[in-house]
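>>> Below are the sequence and a predicted model; questions follow.
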Amino acid sequence: MPSVTPDEVVSALSELANTAGIEVRVERFELELAGKGGLCRVGDKSVILVDAKLGALEQAGVIGLSLGKHVRRTRALIDVPPRLKSYLKTGHGDIRPIVSPKPLATTTRLRLVSG
């Protein structure tokens, strides 16, 4: 699977949201405690608001989780490209370890000696 940039993921998720009838707005949040963004209703429209101060990876997470929540709640039928499916479930892409994990401990047999 070819590598994609976080900006490309944000763009692809935004297009997918638009296909599902959801507008994506990236705006600067003025209040620090306002959060990162999420799915909301504005009038009769579904909107995903995203704080513009976030980096592209965090923006992708907000859009992905919000879109996933909408799809699960409404049971919307949209075609999701394989590379975007994990964003709708977890807010991030597939994570692969850089190195193979090693066991934390090895087992050894102990012999009890009475005496």
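Yep, that arrived. Just so it is clear, the structure is predicted and the values come from calculations on it, not from any experiment.

>>> model confidence over the top helix by length along the chain, on average?
Determined from DSSP state H, the single longest helix within the chain is helix 56-74. Across helix 56-74, the average pLDDT comes to 90.

>>> Just the CA coordinates for it, please, in CSV.
Provided in CSV are the C-alpha atoms of helix 56-74 (Å, rounded to 0.1, in the frame of the first residue of the first chain):
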residue,chain,number,x,y,z
ALA,A,56,-2.9,17.2,10.2
LEU,A,57,-2.6,13.9,12.1
GLU,A,58,-4.9,15.1,14.9
GLN,A,59,-7.3,16.7,12.3
ALA,A,60,-7.5,13.3,10.6
GLY,A,61,-8.3,11.7,13.9
VAL,A,62,-11.1,14.1,14.7
ILE,A,63,-12.6,13.7,11.3
GLY,A,64,-12.2,10.0,11.2
LEU,A,65,-13.7,9.3,14.6
SER,A,66,-16.6,11.8,14.0
LEU,A,67,-17.4,10.2,10.6
GLY,A,68,-17.2,6.7,12.1
LYS,A,69,-19.6,7.8,14.9
HIS,A,70,-22.0,9.1,12.3
VAL,A,71,-21.8,6.0,10.2
ARG,A,72,-22.4,3.7,13.2
ARG,A,73,-25.3,5.8,14.5
THR,A,74,-27.1,6.3,11.2
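
>>> got the buried residues for that helix?
Using 16 or more other C-beta atoms under 10 Å as the test for burial, helix 56-74 gives 58-68, 70-71. No exception for glycine: its C-beta is placed from N, CA and C like everyone else's.

>>> again, but for stretch 72-88
Here stretch 72-88 shows 80, 83-84, 86-88 as buried, counting by 16+ other C-beta under 10 Å.

>>> Report the two of these separated the most.
The most widely separated members of the buried residues of stretch 72-88, counting by C-beta to C-beta, are 83 and 88 (11.2 Å).

>>> And the residue nearest the centre of the chain?
In the chain, the residue lying closest to the centroid (C-alpha atoms, centre = their mean) is residue 91, at 1.1 Å.

>>> can you pull the contacts of the residue lying closest to that one once chain neighbours are set aside?
Among residues not flanking residue 91 along the chain, residue 61 sits closest, at 3.6 Å (C-beta to C-beta, 6 or more residues apart in numbering). By C-beta atoms under 8 Å, 6 or more residues apart in numbering, the residues touching residue 61 are 36, 87, 91-92.
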